[in-house]
Each structure stands twice: as C-alpha cells, then as structure tokens.
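Visitor: What follows is a predicted structure for the sequence shown.
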Amino acid sequence: MPRTRLATHRLVGGEMVPSIPTLEEPRYSQSLERGLAILECFTPEQPVWGIAELADQLGMSRSTTHRYVITLVELGHLKQGKKRRYSLAMNVIDLGLSAMASTKLRDHAQPFLADLHRRSGYTVVLAVLDGPGVQIVDSLRGRRRGQGLIDLSPASAPLPVYCTALGKLLLANLPESEQRRVIAELTLTRRTPQTITSKTALRADLQGIRGESLAAADEELAPGMYSIAAPIRTESRDVVAAIGMDAHASMIALADFIGALGPHLVATADRVSARMGYRRDDERHSPGVNGVGLAGL
C-alpha cells in the first residue's frame, strides 16, 4: 500500500493548528536508534571496537558508522584510543550511575542505611561520583550532639571529590585514564589546613586507597569534620557508589571512629553490594574491631 503524505497542519475554527500524528507518521528517530545501537555494542565482554567491526556487527556502511561514532565522540559518549579503536567514555558511565542512583541503588541501599543509622546514631550517606564532584543520593542525619556542626550540603549540591572520604574512595577506584581526566579538571581549593592542594599528593593518597575497603578524611573538608567511606561494588567488582559516615571531633576521636564504626560501615556496604550481585572472596563480615560493637558509642 502506498504511504500517504502526512498533513503537518489542519484547519480548526478558521486557524491552522498542528495535526495529530497518524499511524503513518514515524514514531522514532532512525539516527538515535543507530547511535544507541552502536553504544549497546560496548559490553564487558567486548569493551573496545573498531569502525569496521562495528559496521559489520550492525550491518551499516563504514562511512555511516564512522559518522555516528565521531558524533558520539564529540558528545562525550565514546572516546578514541590507540589505532582508532573506541570505548565508552565518562558520559555513558555518568548516565548509568544516574539511573542507578535514582532507582535500583537507592532502593537496595535504603534498609541497610536505615539500620546502620538507627544503631549508630551518626549521619549516614549514600553517594555516587558526578564528574568532579560527589552527588549525595540518600542521607540520614545523625542524632548525636554536635551533628549540626558538620551537616553535609543538600543533596542537590555536589561535594568536592578531593577532600571527602566518599570522593577520594570513588575517585581512587576509577579506571586510570578516567581518574587522570577528572584530576586534570580539578581545582584543589584549600578548605582547611588539612586539605590536599597538590595533585601529586592527591594521586599518592588515591594510590593508597585504591582497592581498600575503607577510606577516611581527617578535617579535610571542614574543621573538626571526620568522615569515613566504604565502597559499593557490582557483580563485575566495579565500584559504583559509596556509603559514608561523618562525625565531629567533639563527638569521637578519629581513631575510635575508624576502629569502632569502620567495620560496621564496611559490612553495610558489603550487604548493599551483595544486593547488586557482588560477592566477597570470603563472604565473611566482621561485626567490629577486637569485639568492639556499636553499643555505648
């Protein structure tokens, strides 16, 4: 059957108004469809592609494939590596994290965050990396005296990545190339005498954090503010988020904060990670350091 020509406007009450789309009207963008099809080719099993490989995989010409790939590179969704081979760029990772943050991650984490908050009385936060900052996804405010001195920014305001336990842990576990890119874009503003303001020193700090189950910040964001963070991992062992706790120096010594609360924070993060498909090698969770629990803190 021949396709009828679409009327883009129709006469109503003496005026021309946009017509209602009919079944004959295209309901999707072929360009968008092709661009997304290219992105969907990049998987954990095959994270790097060449133009010819993509063209063969999708049944498109090489010139067309090249045009779409270059557009995706310009938009920050793909990046070009050696020998003109391509891989996913940070924009795609950010989109994935945003989707996860607004749905599955928060839903999985909420009951465990609430349990840790109830038992400890300290502020507990869930966060993801958002470019050069840390975006709070969920936050439960502590009930202890002195908590108001260190309350974090609202969820709409990202925290600095370089002077928070959450930020340093997430930055430390980025792929090396992405970590370099983020650090290159940072401006290290001194917020306290403890703030790291040298990128060389920051890289050294991150090297010590990478792969660890706990990170700490000693009055780096604000005077008197201690923070600790533990990673949330997926089935593929990628760190996609972190859970953090904060305390003021008037509430507890940093060593006690790390020693007594750190194991519980790590255990909570591991439980959320398990909901995301991750499994520890030993599958064991320590209830505390040398038998120290939450009671009495």
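Guide: Perfect, thanks for sending it. Residues are numbered from 1 along each chain as shown.

Visitor: Can you name the residues in contact with the longest helix along the chain?
Guide: Counting by DSSP state H, the longest helix found in the chain is helix 104-120. Helix 104-120 is contacted from outside by 123-124, 126, 128, 137-138, 140, 142, 232, 240-241, 243, 245, 261, 264-265, 268, 271-272, 275-276, 294, 297, using C-beta atoms under 8 Å, 6 or more residues apart in numbering. For every residue, glycine as well, the C-beta is placed using N, CA and C.

Visitor: Would you mind checking the average pLDDT for that helix?
Guide: The pLDDT scores in helix 104-120 average 89.

Visitor: wait, isn't residue 227 in contact with residue 163?
Guide: No - counting by C-beta atoms under 8 Å, residue 227 stays clear of residue 163, with 9.5 Å between them.

Visitor: Residues that sit against both of the two, list them.
Guide: Common neighbours of residue 227 and residue 163 (C-beta under 8 Å, 6+ apart) are 217, 221.

Visitor: And those two? Which one has more around it.
Guide: More neighbours surround residue 227 than the other of residue 227 and residue 163, with 29 against 25 (other C-beta atoms under 10 Å).

Visitor: A strand includes the more buried one, no?
Guide: Yes - the assignment for residue 227 by DSSP: H, G, I helix; E, B strand; the rest coil puts it in a strand.

Visitor: Can you report phi and psi for the closest residue to it other than its chain neighbours?
Guide: Leaving out its chain neighbours, the residue that sits closest to residue 227 by C-beta to C-beta, 6 or more residues apart in numbering is residue 165, at 4.1 Å. Main-chain torsions, residue 165, degrees, to the nearest 10: phi -60, psi -40.

Visitor: Tell me how far residue 165 lies from residue 130.
Guide: Computed as C-beta to C-beta, to the nearest Å, the residue 165 to residue 130 distance reads 16 Å.

Visitor: and what of residue 79?
Guide: Distance, residue 79 to residue 130, using C-beta to C-beta: 19 Å.

Visitor: Check which residues of stretch 109-120 are buried.
Guide: Neighbour-count burial for stretch 109-120, with 16 or more other C-beta atoms under 10 Å as criterion, is recorded at 109, 112, 113, 116, 117, 120.

Visitor: so which of the residues you listed comes closest to residue 171?
Guide: residue 109 (20.1 Å; C-beta to C-beta).

Visitor: what's the neighbour count on residue 141?
Guide: Neighbour tally, residue 141, other C-beta under 10 Å: 14.

Visitor: How about it: what's its closest non-neighbour residue?
Guide: Counting by C-beta to C-beta, 6+ apart, the nearest residue to residue 141 once its immediate chain neighbours are dropped is residue 123, at 5.5 Å.

Visitor: what bridges to the one you found?
Guide: Listed beta-bridge partners, residue 123: residue 246 (assigned using DSSP bridges).

Visitor: Could you report the distance from it to residue 226?
Guide: Distance, residue 123 to residue 226, using C-beta to C-beta: 11 Å.
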